[in-house]
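S.K.: Turn this into a structure:
(chains A and B)
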Amino acid sequence: MKENPITDALGEIDPTYIAEAETAWQAAPLRPRARLIPIAALIAILVCAVGFTMAGRLYFAPGMGIIDEDSLTAPQVWACYDEITLGGAKIDAVVLSEGNEGYNLTVWVWRGEEVAQDPGQAMQGIPPKELSEFDVLIDGAECRRGGSHLKTSGFSSYTYQNVPFTTAPTLRDSEGNTTTVRLKTINETQYGYLRGIRIGKEAGMALVPVSGTENVFVAELTDPRSLEIARGSRNTYAYGNFLVTCDDGTIARATGDIPIKDAKTIQSPAVEITKSGYGRGVTAITPYWMSISHTYDIHTEGHPRVTVTVPERGEGYDCNEILLDAGGIIARLTRVEYGENGLQFTVETENNTGSAILGSVQGYVHMAYSMGPTNYTYLDGSDGSHEIWPREVSYNRETGALEYMVKGVESMTDGLWVTEEAKPGDELVVILDRLSYDYMAENVGDLRDPQGGFGTFEIK
Amino acid sequence: MDDREILAALIARDETAITALDAAYGRLCRSIARNILGSDEDAEECVNDTWLKIWASVPPDEPRSLTAYAGTITRRLAINRWHANHADCRQTEASIPLDELDAILHGSDEISARIDRAELIDLLNTFLAGLDRQTRVVFVRRYWNMDTLADISARLGLREGTVRVKLHRARQKLRKELERRDLL
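M.R.: Residues are numbered from 1 along each chain as shown, chains lettered A, B, ... in the order given. As a prediction, the model looks like this:
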């Protein structure tokens, strides 16, 4: 079959358009608030009953992740929590929930040690071979899988988006074994599983039932301030590390990447908290320690750029130039010095976030000569371009006051990165390229929530 | 690793670049390959071939955008594999975007004789620049990423019918542009 030349040429279109399509995303529309009221009221009653204060209600919706009540109402849910064995798989739950268009179906599968044996693959979301052909049929039609999350704790969840309404989906494994599941409406007394708590202003956490008796924890970044910085960033990374005590007194830990960008999407990945035994059978948790490491590659447009003159060797000068002011965090260039080891910048950071406990702060500055623009579309839909800057070696000498040691300016020549010596009198443009910081990262050791909202919640 | 670090690792023949590529672009490339091939197994092989291809071509290539570079290679490999797998021309869900593009030509295969590849790429870039942003994103998601209509509508918050109409109009516009240049 001869290939269409347009198909072929489309493969080589301007990368700008590919980046535009890759980053374009329409935020989920607001849902009618009317249906929120009875759910919110129910949750408020349940919260009072277990005696803790929530700083903003959160919900966990299958296939949608943790949802802030200001963003979405809790969806209607139909579920089957009976344990089902299908071929070699043990299915803990099948849940159908309202989506923005159509319905979302989530299948929770327990794989135990089989999944957990290769956490490297699991962290990359690579499912075991035999699970990759796990299908759902509705009225005989095969549904398209929207995504799957493989958990290192032994659970794997599969999400099918925009499926037609059904209370009898058929599950089919890779060997052709099938079973039809009967879904029942989840009534109000079972909405406890939608409850979550907010930890500080950083993360939401919820207990999620995956069978009639088993629960897992999920945690996600829901911080509006993080999103504010993320919108001005090219890339964002967040790594969460949580410790909680469970109702049986054991300690559970969760670590994992939390993509802030995806927190806006309906397929928000969740970091699952695990304990020995893969977190099964736990009905209550008390979070007592957590840290979230944030890293932002700063969008070079819209943030200040500072021109400095390279001083004579052995000399330096003080200055006071803002490199970043976003989300309550200010980074300021306070000194330029040409020492024995090269050019050094001192950058001081201020934490004006009010509630956050700022731990170690690291950053990179970029300087000198632009290598050309690359266009992007940002989360708010605005267009912009990012100039590619050569990166210098930097190091963090002290927490809160950073010095960047620069031996020269790197550039790509004939496919090799070369370093040019910065010369006294040269004018360099300095911008903050990457900002990293931790919350509650260092020796917090106890419950600490600026809102006083830590507590224990249970699923009854 | 960011793009520049991955590029530097490739140039330095550091094999950790492959792991970094997979971490950074594996999801995108698997999505493209799966959309075209409709099979996780084929998609996985296609993505692995992509990393090998990048390893072999960088250097001397120095891609400006690793996203586009990796995605383009995956797309090319997946389309080739799809043609090999479907020599009987049987239509599948994955083949629909390719068939839609074929329909622009109405069976004409003379276009390649009248315009070289570089000129056709320029023409497509000009055509894309002339589309409104939303239609451009819809067009690229459909024919570069090979997304389904359902995926595009979910991603952009549009109804499937709206996506279908936008694609139809964009294809008509592209066909008219080809006709205006006497390429059809």
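
S.K.: got the domain boundaries for the chain?
M.R.: This is for chain A. A:76-190, A:297-438 (automatic domain parsing).

S.K.: um, chain B though
M.R.: Split by automatic domain parsing, chain B gives B:3-85, B:94-180.

S.K.: Just send those domains back as CSV, with distance to A:Asp92 too.
M.R.: Using the backbone N, CA and C atoms, a C-beta is placed for each residue, glycine as well. Shown next, in CSV, are the domains of chain B (distance: least, C-beta to C-beta, whole Å):
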stretch, distance to A:Asp92
domain B:3-85, 22
domain B:94-180, 26
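
S.K.: before we move on, back to that, and the domains of chain A, which one averages the lowest pLDDT?
M.R.: Within the domains of chain A, confidence is poorest for domain A:297-438, with a mean of 57 (mean pLDDT).

S.K.: Please work out the average pLDDT along the helix or strand containing A:Thr16.
M.R.: Assigning secondary structure by DSSP states H and E places A:Thr16 in helix A:15-23. Across helix A:15-23, pLDDT averages out at 72.

S.K.: Any part of that helix near chain B?
M.R.: Yes: contact of helix A:15-23 with chain B (C-beta under 8 Å from any C-beta of the partner chain) involves A:15, A:17-22.

S.K.: Just among the residues you listed, which is most surrounded?
M.R.: Within the residues of helix A:15-23 next to chain B, most neighbours by other C-beta atoms under 10 Å in any protein chain shown means A:Ala21, with 25 neighbours.

S.K.: Wait, it touches B:Met146, no?
M.R.: No: in this structure, A:Ala21 is not within contact of B:Met146 by C-beta atoms under 8 Å, at 11.6 Å.

S.K.: so who does A:Gly425 touch?
M.R.: A:309-310 (C-beta atoms under 8 Å, 6 or more residues apart in numbering or on different chains).

S.K.: quick one: it from chain B, how far?
M.R.: 28 Å (C-beta to the nearest C-beta, to the nearest Å).

S.K.: So that residue: helix, strand or coil?
M.R.: coil (DSSP: H, G, I helix; E, B strand; the rest coil).

S.K.: Who does A:Thr178 form a beta bridge with?
M.R.: A:Arg172 (DSSP bridges).

S.K.: and it, what does it touch?
M.R.: A:86, A:137, A:170-172.

S.K.: For the residues you listed, give me TSV that also has neighbour count and distance to A:Leu105.
M.R.: Converted to TSV, those look like this (neighbours: other C-beta atoms under 10 Å in any protein chain shown; distance: C-beta to C-beta, whole Å):
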residue	neighbour count	distance to A:Leu105
A:Leu86	18	15
A:Leu137	15	11
A:Thr170	17	11
A:Leu171	23	10
A:Arg172	17	13
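
S.K.: Which pair in those residues has the greatest spatial separation?
M.R.: A:Leu86 and A:Leu137 (12.6 Å; C-beta to C-beta).

S.K.: Which neighbours do these two have in common?
M.R.: A:171, A:178.

S.K.: most centrally placed residue in chain B?
M.R.: B:Trp144 (2.8 Å; C-alpha atoms, centre = their mean).

S.K.: most tightly surrounded among the domains of chain B?
M.R.: domain B:3-85 (a mean of 19; mean count of other C-beta atoms under 10 Å in any protein chain shown).

S.K.: now that domain, how far from the centre of its chain.
M.R.: Per C-alpha atoms, centre = their mean, to the nearest Å, the displacement of domain B:3-85 from the mean C-alpha position of its chain is 12 Å.

S.K.: any idea where the helices of chain B begin and end?
M.R.: Using DSSP state H, the helices of chain B run over B:3-11, B:16-37, B:40-57, B:66-85, B:96-105, B:111-114, B:117-129, B:133-143, B:149-156, B:160-180.

S.K.: would a markdown table of these with distance to A:Tyr103 be doable?
M.R.: Compiled in a markdown table, these are given as follows (distance: least, C-beta to C-beta, whole Å):
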| stretch | distance to A:Tyr103 |
| --- | --- |
| helix B:3-11 | 38 |
| helix B:16-37 | 22 |
| helix B:40-57 | 24 |
| helix B:66-85 | 30 |
| helix B:96-105 | 24 |
| helix B:111-114 | 43 |
| helix B:117-129 | 34 |
| helix B:133-143 | 23 |
| helix B:149-156 | 12 |
| helix B:160-180 | 15 |
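
S.K.: quick one, which of these is nearest to A:Asn4?
M.R.: Here helix B:96-105 is closest among these (C-beta to C-beta), at 5.2 Å.

S.K.: So which residues make contact with the closest one?
M.R.: So helix B:96-105 is contacted by A:4, A:6-7, A:10, B:79, B:82, B:91, B:111, B:142-143, B:146, B:167, B:171, B:174-175, B:178, B:184 (C-beta under 8 Å, 6+ apart).

S.K.: Format the CA atom coordinates belonging to it as CSV.
M.R.: Coordinates of the C-alpha atoms in helix B:96-105 are reproduced here as CSV (Å, rounded to 0.1, in the frame of the first residue of the first chain):
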residue,chain,number,x,y,z
ILE,B,96,-9.3,5.8,10.4
PRO,B,97,-7.1,8.9,10.7
LEU,B,98,-4.9,7.6,7.9
ASP,B,99,-8.0,7.0,5.8
GLU,B,100,-9.2,10.5,6.4
LEU,B,101,-6.0,11.9,5.2
ASP,B,102,-6.2,9.6,2.1
ALA,B,103,-9.6,11.0,1.4
ILE,B,104,-8.1,14.5,0.9
LEU,B,105,-6.4,13.2,-2.2
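
S.K.: and that helix, how far out from the chain's middle?
M.R.: The chain centre lies 14 Å from the centre of helix B:96-105; the measure is C-alpha atoms, centre = their mean.

S.K.: same question, stretch B:142-150
M.R.: Averaging C-alpha positions (C-alpha atoms, centre = their mean) puts stretch B:142-150 9 Å from its chain's average.

S.K.: And that stretch, end to end?
M.R.: Chord length of stretch B:142-150, first to last residue, is 11 Å (C-alpha to C-alpha, to the nearest Å).

S.K.: That one near chain A anywhere?
M.R.: Yes: counting by C-beta under 8 Å from any C-beta, chain A is contacted by stretch B:142-150 at B:143-145, B:148, B:150.

S.K.: Now the two most distant members of those.
M.R.: Taking C-beta to C-beta, no two of the residues of stretch B:142-150 next to chain A sit farther apart than B:Trp144 and B:Ala150, at 17.3 Å.

S.K.: looking at it, A:Asn177 is touching A:Thr85, isn't it?
M.R.: No: judged on C-beta under 8 Å, A:Asn177 makes no contact with A:Thr85 at a distance of 9.5 Å.

S.K.: which one of the two has more residues nearby?
M.R.: Applying other C-beta under 10 Å to A:Asn177 and A:Thr85 shows that A:Asn177 carries more neighbours, namely 13 against 10.

S.K.: Contact partners for the more buried one?
M.R.: A:86-87.

S.K.: ditto for B:Arg175
M.R.: B:104, B:184.

S.K.: what about A:Glu175, how many residues close to it?
M.R.: 11.

S.K.: list the contacts for it?
M.R.: Per C-beta under 8 Å, 6+ apart, neighbours of A:Glu175: A:Gly87.
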